[in-house]
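Q: Build the 3D model from these lines:
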Amino acid sequence: MPVFDPFDTESVARRLLAFLQGQAGETVEIGPLRRFTVGFSWVTYGFAASWNEDGRRVSRDLVLRAGPPNGIFGPYRAAPEFTALRALEGSAARAPKAFWHCDDLAVLGAPFIICERVRGEAPIPWSRDGRVGFDEASRVSLGEQFLEALAALHNFDWRGTGIETIGGATRAADAVEAEIESWSARMRGWSARRYPMLDFAIAWFRAHAPRTSRISIVHGDYRIGNFLVAQGRITAILDWELVHLGDPLEDLGWICMQAWRGRSNFMCHLVTREELAEKYARLTGVEVDLAALRYWEAFGTFKLAVMHLAAAHSFETLGFNDMRMAGMAAQIPRMLLQVEAALEKAV
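A: Residues are numbered from 1 along each chain as shown. Model (predicted):
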């Protein structure tokens, strides 16, 4: 079984080439791997590849994303993300094209997925001024595009497709409890320590669960920072590792979290809460229950706190030597306060 060393790009490239030759033929050639520093979960590389296809030479700029065994969301699986991206290819959800994936650790030593490299820059969410470098016209335009892509995702007819296998709830009656149980189990797996605020939050979520009206594909991390912009257009929605079936309001609540807007009145620095509800309803034909939106915002804050526990676990226990994980671990007390504040607003 190969050991995955994210810094040993020559070894990763050698194993990757062997995999690609098995998929696309012996004519495959790849350039050097360049590791990107963005992303907190999967290790990401960019590389160029070429191969023969239907009698002609094809050249692509590609991205390799590998889930390290000791990473923040380990153990990883590439199949759900790959299945979702392939199903959504060409849709208005603006998912990047996925070419190959593998969950067999004997190949790279880590699950991985290979997608097209889409041009653009990712605006970062950590700003206090409410604009993140956007002028007003850009904010309005990108906000509209942001919600159009989300509406396309939530309106996608997933039944009878491979999406049925990605996990989550296929029945509306099960959606809320499925997410509570999923993230409770993750919390227990990532921290032996009990946090009273998080235990209280779980009990509150069960006692105040809203009714789910429909099941859709849920991105799971839909926010500023996870899309690319080029020449004023959103070119791709990124980071699909948390994709699942569930209540679409889960994505809307995630958008509203303080973590992605600081002190701004614009959710994800793009739209007000009222604009979010109104434009989403216009695009989907589904009215947004504002109380349910507050519920899912609180639940998202709980999820983010649990992710901070995962970061601490990966750094302290699993030896994932990424100082960003240590930085997240140091923020756990602040996250507990944010959970308390979000619950108070949801009451």
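
Q: Now do Leu242 against Trp204, distance only.
A: 22 Å (Cβ to Cβ, to the nearest Å). For glycine as for every other residue, the C-beta is placed from the backbone atoms N, C-alpha and C.

Q: and the residue lying closest to Arg233 once chain neighbours are set aside, helix, strand or coil?
A: Once flanking residues are discounted, Arg233 sits nearest to Gln145: 6.9 Å by Cβ to Cβ, 6 or more residues apart in numbering. The local conformation at Gln145, judged by DSSP: H, G, I helix; E, B strand; the rest coil, is helix.

Q: got a pLDDT number for Gln145?
A: You'll see Gln145 listed with a pLDDT of 98.

Q: any idea how far Leu283 is from it?
A: Distance from Gln145 to Leu283, by Cβ to Cβ: 11 Å.

Q: likewise Arg214?
A: 14 Å.

Q: ok, now Thr317?
A: Here Thr317 is placed at a distance of 43 Å from Leu283 (Cβ to Cβ).

Q: If you count surrounding residues, which of the two has more?
A: Legend: neighbour count by other Cβ atoms under 10 Å for Thr317 and Leu283, higher for Leu283 (17 against 12).

Q: tell me the contacts of Phe134?
A: Going by Cβ atoms under 8 Å, 6 or more residues apart in numbering, Phe134 touches 123, 142, 269-270.

Q: got it, and Gly220?
A: 240-244, 250-251, 254.

Q: Let's see which of those end up in helices.
A: In helices, defined here by DSSP state H, the members of the contacts of Gly220 are 250-251, 254.

Q: which one among the residues you listed gets closest to Val12?
A: Closest to Val12 out of the ones in helices among the contacts of Gly220 is Trp254 (31.7 Å), distances taken as Cβ to Cβ.

Q: wait, that closest one sits on Arg223?
A: Yes - assessed by Cβ atoms under 8 Å, Trp254 is found in contact with Arg223 at 6.2 Å.

Q: between the two, what contacts are shared?
A: With Cβ under 8 Å, 6+ apart, Trp254 and Arg223 have common neighbours Trp260.

Q: Those two: which has the busier surroundings?
A: Taking neighbours as other Cβ under 10 Å, Trp254 and Arg223 compare with Trp254 leading, 26 against 23.

Q: Report the buried residues of the strand or helix carrying Leu337.
A: Using DSSP states H and E, Leu337 maps to helix 332-346. Residues of helix 332-346 classed as buried by neighbour count (16 or more other Cβ atoms under 10 Å): 332, 335-336, 338-339, 342-343, 346.

Q: what does stretch 51-66 give?
A: The neighbour-count check on stretch 51-66 (16+ other Cβ under 10 Å) flags 51, 60, 62-66 as buried.

Q: Including pLDDT and secondary structure, could those residues go into CSV?
A: Formatted as CSV, the buried residues of stretch 51-66 follow (pLDDT from 0 to 100; DSSP: H, G, I helix; E, B strand; the rest coil):
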residue, pLDDT, secondary structure
Trp51, 95, strand
Arg60, 96, strand
Leu62, 98, strand
Val63, 97, strand
Leu64, 98, strand
Arg65, 97, strand
Ala66, 97, strand
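
Q: Would you mind putting those residues into a markdown table with distance to Ala106 alongside?
A: Below are the buried residues of stretch 51-66 laid out as a markdown table (distance: Cβ to Cβ, whole Å):
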| residue | distance to Ala106 |
| --- | --- |
| Trp51 | 23 |
| Arg60 | 25 |
| Leu62 | 22 |
| Val63 | 22 |
| Leu64 | 17 |
| Arg65 | 18 |
| Ala66 | 14 |
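
Q: of these, closest to His208?
A: Distances from His208 to the buried residues of stretch 51-66, taken by Cβ to Cβ, are shortest for Arg65, at 36.1 Å.

Q: count of neighbours near the residue nearest to that closest one when sequence neighbours are not counted?
A: Ranked by Cβ to Cβ, 6+ apart and with sequence neighbours excluded, the top spatial neighbour of Arg65 is Trp42, at 4.2 Å. If you count neighbours by other Cβ under 10 Å, Trp42 ends up with 24.
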